[in-house]
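J.: Sequence first, then the predicted structure, then my questions.
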Amino acid sequence: MTSPDSGSPDSRALPLSVIDFASVRPGQSVGEALQDSLALARKAEELGYERVWYSEHHNVPSIASSAPAVLMAHIAAHTSSIRLGSGGVMLPNHSPLVIAEQFGTLAELHPGRIDLGLGRAPGTDPQTLRALRREPSAAENFPDDVRELQAFLGDSPSDFARTRGIAAIPGRGTRIPLYILGSSLFGAQLAAAYGLPYAFASHFAPDALEQASAVYRERFQPSEQLAEPFMIAAVNVVADDDTERAQREMHWYRRQRVKLMAGRGRDFSDEELDMIMESAGGRQILHMISYTACGDGPTVRDYLTDFARRAGADELMIAPIGSTVERVHGTLEVLRRAWSD
């Protein structure tokens, strides 16, 4: 576990949010996994978390959040106050008009509760990308697509001109807050140039975090949506009142992560998995989750306040870890109590 530098502002002033991958656990159906996502959102709402975001992935058997807008519609209808968003919609996979209409529908049904996080990566493999009827080069249009989507959600004469007189209905005039997601300097630069909030995927891509944060703040240009830079940093968390149990959960998570990424559906014996974890490939997979807080409430709180300082974060997006749904909920509960102390 990487240990960030010490010293940070008061943690209680920093909002906490949740990223949910709608994980399909071994032996579960997709429907059961989606019901777990609803239960997680309700728990996060009960505990006072700021928002829950859902990521778009395709052709990944262990992730059921391939259609964030559809999942958000169900969860929004069964919660009352927590913000819900995409973390994110992979915009190269879609036309801006379709996304404006989908999220515009959500915003009209649930005013003031919808976020629209946008990513440039396809969120899948090349073969699946072809099945989505998109070309790999679509990512090159991401900056223009963001502007077009922004215009579809606005209602000024200049917005209407940019969309060539086409209106997103629902969507037009909702001005849903946009967030740029990224794990490199590209996203930081784009978010800064467009005056949008920036969310960094440090829960699986740790290397460029500090540099991206610095670039974003240095180059930020105020916009109609945002007067000052606002950065969200994602981090994995496993928290338990019993420190030894937290460590066991962390051990499970490390092994599960390597198994999923290295095995691609294959089963390994314990001895085979041990060897893979010690290999260069295994170490690289584990490096991806360098930013992981593990321990009891005070230990996790101290880690996260230090992490927020290193990241220059205005909000933390928590990826809660647990071998069971109860353990995931427990992580959120233990962290929330510690964060309020």
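T.: Looks like it arrived, so ask away. Numbers count the residues shown, from 1 in each chain.

J.: Got phi/psi on Ile232?
T.: phi -110, psi 130 (degrees, to the nearest 10).

J.: and it, bridged to which residues?
T.: Ala199, Glu315 (DSSP bridges).

J.: Helix or strand next in line after whichever helix in the chain runs longest, which one?
T.: Longest helix of the chain, by residue count under DSSP state H: helix 243-263. Next helix or strand after helix 243-263 toward the C-terminus (DSSP states H and E): helix 270-278.

J.: Report the inter-axis angle for that next one versus helix 243-263.
T.: Here helix 270-278 runs at an angle of 80 degrees relative to helix 243-263 (axes from the mean of the first three to the mean of the last three CA atoms, to 10 degrees).

J.: Can you give me the buried ones in helix 270-278?
T.: Of the residues in helix 270-278, Leu273, Ile276, Met277 count as buried by neighbour count, 16 or more other CB atoms under 10 Å. Where you see a C-beta, it was placed from the backbone N, CA and C, and this is true even at glycine.

J.: Using JSON lines, lay out the residues you listed together with distance to Ala214 and pLDDT.
T.: Conversion of the buried residues of helix 270-278 to JSON lines gives the following (distance: CB to CB, whole Å; pLDDT from 0 to 100):
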{"residue": "Leu273", "distance to Ala214": "38", "pLDDT": "87"}
{"residue": "Ile276", "distance to Ala214": "35", "pLDDT": "91"}
{"residue": "Met277", "distance to Ala214": "33", "pLDDT": "90"}
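
J.: so which of those residues would you say is closest to Arg51?
T.: Met277 (33.7 Å; CB to CB).

J.: which stretches of the chain form helices?
T.: 30-47, 68-77, 96-109, 126-131, 142-153, 157-162, 185-194, 209-219, 243-263, 270-278, 280-287, 297-311, 325-340.

J.: what's the least confident stretch among these?
T.: Of all the helices of the chain, mean pLDDT reaches its minimum on helix 126-131 (a mean of 82).

J.: how far out from the middle of the chain is that helix?
T.: Relative to its chain's centre, helix 126-131 lies at 23 Å (CA atoms, centre = their mean, to the nearest Å).

J.: who's in contact with that helix?
T.: His58, Asn59, Asn93, Pro122, Glu135, Pro136 (CB atoms under 8 Å, 6 or more residues apart in numbering).

J.: before we move on, the earlier item: so which of the helices of the chain gets nearest Gly87?
T.: The nearest among the helices of the chain, by CB to CB, is helix 68-77 at 7.9 Å.

J.: Which of the buried residues of helix 270-278 sits closest to Ala233?
T.: Closest to Ala233 out of these is Met277 (26.4 Å), distances taken as CB to CB.

J.: ok, for that closest one, nearest residue in space, not its chain neighbours?
T.: Leaving out its chain neighbours, the residue that sits closest to Met277 by CB to CB, 6 or more residues apart in numbering is Val258, at 5.2 Å.

J.: Wait, Ala121 touches Phe142, no?
T.: No: applying CB atoms under 8 Å as the test, Ala121 and Phe142 come out as separate, 9.5 Å apart.

J.: what's the overlap in contacts for those two?
T.: Joint contacts of Ala121 and Phe142 (CB under 8 Å, 6+ apart) are Pro92.

J.: If I look at Ser137, what pLDDT would I see?
T.: Note for Ser137: predicted pLDDT of 80.

J.: Would you mind measuring from it to Val98?
T.: Taking CB to CB, to the nearest Å as the measure, Ser137 falls 19 Å from Val98.

J.: Show me which of these two is the more surrounded one.
T.: Using other CB atoms under 10 Å, the more surrounded residue of Ser137 and Val98 is Val98, with 15 against 8.

J.: contacting residues for that one?
T.: Contacts of Val98 (CB under 8 Å, 6+ apart): none.

J.: one step back: out of the buried residues of helix 270-278, which is nearest to Ile318?
T.: For the buried residues of helix 270-278, the nearest to Ile318 is Met277 (24.8 Å; CB to CB).

J.: quick one, what contacts that closest one?
T.: Per CB under 8 Å, 6+ apart, neighbours of Met277: Arg254, Arg255, Val258, Arg283, Leu286.

J.: And Ala41, by the same measure?
T.: Counted by CB under 8 Å, 6+ apart, Ala41 has contacts Asp20, Val52, Ile75, His78, Thr79, Ile82, Leu84.

J.: quick revisit: so for the longest helix of the chain, what gets flagged as buried?
T.: Buried residues in helix 243-263 (16+ other CB under 10 Å): 246, 249-250, 252-262.

J.: Closest to Thr105 out of those?
T.: Looking across the buried residues of helix 243-263 and measuring by CB to CB, the closest to Thr105 is Leu260, at 33.3 Å.

J.: okay, now the nearest residue to the closest one once chain neighbours are set aside: neighbour count?
T.: Residue nearest to Leu260 in three dimensions, not counting chain neighbours: Ser62, with 6.1 Å by CB to CB, 6+ apart. By the measure other CB under 10 Å, the count of residues near Ser62 is 16.
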